[in-house]
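>>> Coordinates only, no sequence provided:
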């Protein structure tokens, strides 16, 4: 393969490694990130270690894929990008991305999202991807639009965070023919 789907100018996407346990532990247990996920309880290191060890890093086997976003300049893990709810028969999945606070606003998320979409559409022939974004998360809304996603719906009171229900916008991107 002459082209790598996982290497950009600023970031590299790679499979999870045992060394990622500490950064995953910090990210998964950061309450500020819980409102972008479906989790609201801390994870133990034991559970995360099992997750890393048991992941086949095969979307067809696991029905999900988590890749680490690594900054090219120094190898620092700056976040994760995921495909969840993968339905092979329908060739669709839900995409999510989380970037650690010090690395936000520098274009890393945009490049990571573009790399993953190029891989999913160009190599695995996935037909469509969706993303759920809280209506008040302007940065994520801009990110998904910049990566070719289109807002296609609104889910009323979909997430409960900070003591209240939040509407969520549904974004979708279809594979170009």
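Noted; the coordinates are in hand. Because the structure is a prediction, the values reported are computed rather than measured.
>>> Contacts only, for residue 101.
With contact taken as Cβ atoms under 8 Å, 6 or more residues apart in numbering, residue 101 is in contact with residue 32. Just so you know, the C-beta spots here come from the backbone N, C-alpha and C atoms, and that holds for glycine as well.
>>> for the one 4 residues further on, same thing?
By Cβ under 8 Å, 6+ apart, the residues touching residue 105 are residue 139.
>>> Quick check: phi and psi on it?
phi 80, psi 20 (degrees, to the nearest 10).
>>> Next one: it, what pLDDT does it get?
At residue 105, the model reports a pLDDT of 94.
>>> hey, where'd the helices end up in the chain?
Using DSSP state H, the helices of the chain run over residues 21-28, 45-54, 59-62, 108-122, 138-146.
>>> Run through the neighbouring helices and strands of the third one.
Applying 3 or more Cβ pairs under 8 Å, 6 or more residues apart in numbering; DSSP states H and E, we find helix 59-62 packed against strand 77-87.
>>> Check the last one too.
In terms of contact count using 3+ Cβ pairs under 8 Å, 6+ apart, helix 138-146 is assigned the packing partners helix 108-122, strand 128-134, strand 164-174.
>>> change it to 7 Å
Here helix 138-146 touches helix 108-122, strand 128-134, going by 3 or more Cβ pairs under 7 Å, 6 or more residues apart in numbering; DSSP states H and E.
>>> Can you find the helix or strand of this structure with the lowest average pLDDT?
Using mean pLDDT, DSSP states H and E, helix 45-54 stands out as the lowest-scoring helix or strand of the chain, at a mean of 80.
>>> So what touches it?
16, 18, 20, 21, 24, 25, 28 (Cβ atoms under 7 Å, 6 or more residues apart in numbering).
>>> So among these, which ones count as buried?
16, 20, 24, 25, 28 (16 or more other Cβ atoms under 10 Å).
>>> Take these and lay them out in TSV including pLDDT and distance to residue 106.
Converted to TSV, these look like this (pLDDT from 0 to 100; distance: Cβ to Cβ, whole Å):
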residue	pLDDT	distance to residue 106
16	91	22
20	90	20
24	86	21
25	83	23
28	82	22
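>>> Can you lay out those residues as CSV showing distance to residue 45?
Below are the buried ones among the contacts of helix 45-54 laid out as CSV (distance: Cβ to Cβ, whole Å):
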residue, distance to residue 45
16, 14
20, 12
24, 9
25, 6
28, 10
